[in-house]
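K.L.:
All I have is the shape, not the residue letters:
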């Protein structure tokens with residue numbers, strides 16, 4: 001595995017052993033333990049941890065006290081001493097009691113998958129909103145586990161699992177943490193209110209919004225940068241983008257839309273994180289079109305797509321008009337590439353191919369644009385005339401007696417919202 005020399009506060013790189021428990025329930029649920037452990041290694045390296053070894057335990061059910069069983073804990077202790085590990089990172093979520101028991105038995109820092117993801121988000125958050133959202137998620141996660149993280153807060157002077165809120169906050173009692181959570185929720189409620197106002201203004205102005213969603217590292221930020229010349233951070237690592245970015249994109253017709261990049265999803269994305277980032281992710285729910293960007297070269301492509309669909313369902317965005325974009329075709333083996341859906345609601349592209357991007361712009365336009373229809377609206381009904389203008393691009397306008405004839409290239413999403421109001425005024429051939 002790649003050797004990371006990321007220094008933490010005490011000046012030495014953290015060295016970890018990765019641990020995974022595999023139960024029959026996991027296998028029945030469609031989880032691929034090997035892929036999940038590979039992903040955990042990528043997460044650890046993204047957090048700046050040197051991965052020394054991995055360990056897998058097959059067991060009928062998790063051990064309530066030790067998670068992996070007492071014998072496996074002893075085996076882990078021996079390996080950790082031999083390799084000089086400072087940390088054990090578990091691929092599943094641990095209870096506070098399990099963390100405490102494992103710390104005492106192993107004399108290691110104990111981190112689970114959820115805490116590792118939260119830690120990466122704490123490193124990545126740059127805007128005030130992002131920092132608040134991460135802190136809220138971390139505190140919500142830690143509150144029921146405070147008794148299990150006593151050593152974590154002082155061990156090695158920091159590092160993974162202790163970034164974000166900071167040690168002093170985490171060492172306060174539950175009442176203070178609950179107060180802090182309440183304060184953060186209040187701030188985020190204000191963010192939600194502002195976002196709602198912005199969305200309403202955009203809708204009134206007839207702004208069309210397209211949201212990029214997908215598994216982490218699928219290439220969403222690269223796509224945004226290549227299509228809009230946006231100056232966004234692009235790196236081949238998990239969660240390179242945390243704070244959402246919106247840029248104007250010109251379609252072949254000359255019409256401008258807003259293209260928004262969102263945080264990448266991942267298997268077992270912490271519930272507290274989804275809840276904390278709901279204000280940001282709700283932009284997806286309001287989008288006129290969702291671009292689901294898929295890493296076509298990934299061997300776990302199908303699983304990654306399933307995870308994205310599940311998170312969208314949690315957000316209430318399932319069923320939105322969606323265009324599936326199979327990205328990285330240049331990295332996808334030819335025999336695999338031939339099996340990818342290409343047409344209708346799917347297309348295969350490389351974000352670095354200009355002709356592919358032109359095809360994608362046209363596909364976005366085709367998905368957003370409906371039929372061209374003519375409406376005969378009473379000239380004194382300014383409210384209806386304004387509504388017609390909001391549902392698409394007006395191609396022509398004629399006055400006929402006391403009516404206004406408006407020919408409109410419809411925006412599918414907007415027209416469907418107001419079809420009951422406008423249908424009586426549609427001119428049929």
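P.N.:
Okay, I see it. What you are looking at is a predicted structure, and each value in this text was computed from that prediction instead of being measured. Numbers count the residues shown, from 1 in each chain.

K.L.:
Return the distance of residue 335 relative to residue 325.
P.N.:
21 Å (Cβ to Cβ, to the nearest Å). Yep, even glycine has a C-beta here, placed from its N, CA and C like the rest.

K.L.:
Counting neighbours, go ahead and name the busier of the two.
P.N.:
Higher neighbour count among residue 335 and residue 325: residue 325, with 25 against 7, using other Cβ atoms under 10 Å.

K.L.:
residues contacting that one?
P.N.:
The contact partners of residue 325, by Cβ atoms under 8 Å, 6 or more residues apart in numbering, come to 223, 291-294, 346-347, 349, 360.

K.L.:
The helix-or-strand element of the chain with minimal mean pLDDT: what's the following helix or strand?
P.N.:
Within the chain, no helix or strand scores below helix 167-170, which has a mean of 50 by mean pLDDT, DSSP states H and E. Remark: after helix 167-170, the chain's next helix or strand is helix 174-204, criterion DSSP states H and E.

K.L.:
Let me see the mean pLDDT of that next one.
P.N.:
Averaging pLDDT along helix 174-204 yields 86.

K.L.:
Pull the distance from that helix to the chain's centre.
P.N.:
Here helix 174-204 is found 19 Å from its chain centre; the criterion is Cα atoms, centre = their mean, to the nearest Å.

K.L.:
quick one: low-confidence parts of the stretch 201-350 of the chain?
P.N.:
Scanning the stretch 201-350 of the chain with the threshold set as pLDDT under 70 gives 230-243, 279.

K.L.:
Would you state the helices of it in chain order?
P.N.:
220-228, 271-276, 278-286, 301-315, 334-337 (DSSP state H, counting those that start in this stretch).

K.L.:
what's the closest non-adjacent residue to residue 214?
P.N.:
Once flanking residues are discounted, residue 214 sits nearest to residue 293: 3.7 Å by Cβ to Cβ, 6 or more residues apart in numbering.

K.L.:
Let me know whether that neighbour touches residue 213 as I believe.
P.N.:
Yes. Using Cβ atoms under 8 Å, residue 293 is in contact with residue 213, at 7.1 Å.

K.L.:
Are there residues contacting both of those two? Which ones?
P.N.:
Counting by Cβ under 8 Å, 6+ apart, the contacts common to residue 293 and residue 213 are residue 220.

K.L.:
thinking again about what came up before, now for the residue nearest to residue 214, how many residues are close by?
P.N.:
28.

K.L.:
Also the one 3 residues further on?
P.N.:
Around residue 296 sit 24 other residues, with neighbours defined as other Cβ under 10 Å.

K.L.:
repeat for residue 362
P.N.:
For residue 362, using other Cβ under 10 Å, the count is 14.

K.L.:
Tell me where the protein has strands.
P.N.:
Here the chain has its strands, by DSSP state E, at 14-22, 49-58, 87-90, 109-112, 209-214, 245-250, 256-261, 289-295, 322-327, 346-348, 369-378, 392-400, 403-411.

K.L.:
nearest to residue 227, of the ones you listed?
P.N.:
Taking Cβ to Cβ, strand 245-250 is the member of the strands of the chain nearest to residue 227, at 5.8 Å.

K.L.:
Tell me the strands beside the closest one, with direction?
P.N.:
Note on strand 245-250: by DSSP bridges, its sheet partners are strand 256-261 (antiparallel).

K.L.:
picking up where we left off before, which one, of the strands of the chain, ends up nearest to residue 131?
P.N.:
Of all those, strand 245-250 comes closest under Cβ to Cβ, at 16.4 Å.

K.L.:
in the closest one, what counts as buried?
P.N.:
Neighbour counts over strand 245-250 (16 or more other Cβ atoms under 10 Å) mark 245-247, 249 as buried.

K.L.:
again with stretch 21-38
P.N.:
Under 16+ other Cβ under 10 Å, the buried positions of stretch 21-38 are 21-23, 26, 31, 33, 36-38.

K.L.:
Give me the residues contacting that stretch.
P.N.:
By Cβ under 8 Å, 6+ apart, the surrounding residues in contact with stretch 21-38 are 18, 20, 54, 56-62, 67-68, 90-92, 267, 299-300, 303, 306.
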